[in-house]
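Enquirer: Need the 3D shape of this:
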Amino acid sequence: MALQYYRTFVYDNSRWDGFEFREGDIVISTPPKAGTTWTQRICAALVFGTAELEQPLSRLSPWLDMLTRSRDDVFALLASQTHRRFIKTHTPLDGLPWDERVTYICVGRDPRDIACSWDNHTDNLDVERFLKVREQATGSNADIQGIVDNGMPEKPPTPQERFWMWADDATPVNETPTSLANVFNHLATFWKERSRPNVVLLHYDDMKRDLDGQMRMLARRLAITIPEERWPELVEAATFERMKKDADKTAPNTSEAIWQSNENFFHRGTSGQWREFLAGDDRERYATRVREIADAELAHWAHHERLF
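Expert: Modelled structure (predicted):
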């Protein structure tokens, strides 16, 4: 079956063409700002069985289809790895090559919190540096000449306006790195395959509520055995506070230096941030928008509450 094509100014899933999976590979595929780096850090703790990172997380678990490293370099890095590989992507499941030997992990999060986290994410991005690194990796930024000439689109002044620009964005879901429709498209590709033994769905709120339990569950799904005495240090290594403290190793793309602050990549790590600016009629408007684009059962799971 032909893969859905996903290309944005950040990533291009055609870079998966020709990639050779190994038995036991792990693909971490989440909507942006839904817990990707967190899940990579958890997988690092489980795969290596240690709380320490010998290399930056983005080298241990590279983002295969991001356009800030050459495809050849990423393939070579993954080919050189002798540990069980865990690969990052923001490509939905219908845009990824399927292999029964691979475990595909997706993380859901309340989309309203994703929007809040994305707001901080774009504030922290060094756009000039990103464009330079992208050009070096791909050979040209001609395909995004508008961004090169004019910079990123200007953001509306208030959190509410920025939220609605994101929630109402009608850009095709395979052409934008994030939007409300993009989030639900991504989750839906996993939701319909969630009964498969090699598809794992996690939720950000469950990880916040019971990190130990969620890590143990994931270890079972990955057939990884951890000695009981090691669990406390592994769980502590995957906490928000520890990841923020270790940001020079845990934040993504630190080798490309595309962030104004590695530490500020880890902003708040909380749920319910959206309540600070969405209330009353805004909540009704949001529920209406979700009803237009998402299955009710999936929407309930993503929000961990019933909107309609």
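Enquirer: Could you use CA atoms for every contact and neighbour count after this?
Expert: Noted.
Enquirer: Run through who's touching stretch 274-290.
Expert: 112-113, 116, 159-160, 167-168, 299, 307-308 (CA atoms under 8 Å, 6 or more residues apart in numbering).
Enquirer: ditto for stretch 166-173
Expert: In contact with stretch 166-173 (CA under 8 Å, 6+ apart) are residues 115, 178-182, 185, 286, 289.
Enquirer: From the residues you listed, list just the buried residues.
Expert: 115, 178-182, 185, 286 (16 or more other CA atoms under 10 Å).
Enquirer: quick one: which of those residues is nearest Ser61?
Expert: Thr178 (21.5 Å; CA to CA).
Enquirer: wait, doesn't the closest one sit right on Lys33?
Expert: No - using CA atoms under 8 Å, Thr178 is not in contact with Lys33; the gap is 9.2 Å.
Enquirer: picking up where we left off before, can I get the contacts of stretch 274-290 in TSV including neighbour count?
Expert: Output for these, formatted as TSV (neighbours: other CA atoms under 10 Å):
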residue	neighbour count
Arg112	21
Asp113	20
Cys116	19
Pro159	17
Gln160	15
Ala167	21
Asp168	14
Ala299	23
Leu307	15
Phe308	11
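Enquirer: Now for those: which two are most distant?
Expert: Most distant of the contacts of stretch 274-290, by CA to CA, are Pro159 and Phe308, 24.1 Å apart.
Enquirer: Let's test this: name the helix or strand in the chain with the lowest mean pLDDT.
Expert: Within the chain, no helix or strand scores below helix 145-150, which has a mean of 91 by mean pLDDT, DSSP states H and E.
Enquirer: For it, name the packing helices and strands.
Expert: Packing partners of helix 145-150 (3 or more CA pairs under 8 Å, 6 or more residues apart in numbering; DSSP states H and E): none among the helices and strands.
Enquirer: just the CA coordinates of it, formatted as CSV?
Expert: C-alpha atoms of helix 145-150 as CSV (Å, rounded to 0.1, in the frame of the first residue of the first chain):
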residue,chain,number,x,y,z
GLN,A,145,11.8,30.9,0.0
GLY,A,146,8.9,32.8,1.6
ILE,A,147,10.2,31.9,5.1
VAL,A,148,13.8,32.7,4.1
ASP,A,149,12.8,36.1,2.9
ASN,A,150,10.2,37.1,5.4
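Enquirer: now it, how far from the centre of its chain.
Expert: 25 Å (CA atoms, centre = their mean, to the nearest Å).
Enquirer: Now the helix or strand following it: average pLDDT?
Expert: With elements assigned by DSSP states H and E, the helix or strand that comes after helix 145-150 is helix 159-167. For helix 159-167, the mean per-residue pLDDT is 96.
Enquirer: got the CA coordinates for helix 159-167 in CSV?
Expert: Taking C-alpha atoms only, helix 159-167 is exported to CSV below (Å, rounded to 0.1, in the frame of the first residue of the first chain):
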residue,chain,number,x,y,z
PRO,A,159,-2.8,33.5,23.7
GLN,A,160,-6.5,33.2,22.7
GLU,A,161,-5.8,34.5,19.2
ARG,A,162,-2.8,32.3,18.7
PHE,A,163,-4.9,29.3,19.9
TRP,A,164,-7.7,29.9,17.5
MET,A,165,-5.3,30.4,14.6
TRP,A,166,-3.9,27.0,15.4
ALA,A,167,-7.3,25.3,16.1
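Enquirer: chain center to that helix, what's the gap?
Expert: On CA atoms, centre = their mean, the centre of helix 159-167 falls 20 Å from that of its chain.
Enquirer: Against Val107, how distant is Ala287?
Expert: Distance of Ala287 to Val107, given as CA to CA, to the nearest Å: 21 Å.
Enquirer: Please apply the same query to Thr158.
Expert: The value you get for Thr158 to Val107, if CA to CA is used, is 28 Å.
Enquirer: Compare the two (neighbour count), which wins?
Expert: Shown here are Thr158 and Val107; by other CA atoms under 10 Å, Val107 has more neighbours (26 against 9).
Enquirer: Near the closest residue to Leu222 other than its chain neighbours, how many other residues are there?
Expert: Nearest residue to Leu222, sequence neighbours excluded (CA to CA, 6 or more residues apart in numbering): Thr103, at 7.4 Å. The burial count assigned to Thr103 is 21, neighbours taken as other CA under 10 Å.
Enquirer: wait, Thr103 sits on Arg22?
Expert: No - Thr103 sits out of contact with Arg22 when judged by CA under 8 Å, with a separation of 10.9 Å.
Enquirer: chain center to stretch 257-268: distance?
Expert: 15 Å.
Enquirer: And stretch 258-269, by the same measure?
Expert: The answer for stretch 258-269 is 15 Å, by CA atoms, centre = their mean.
Enquirer: Give the buried residues for it.
Expert: 258-259, 261-266, 269.
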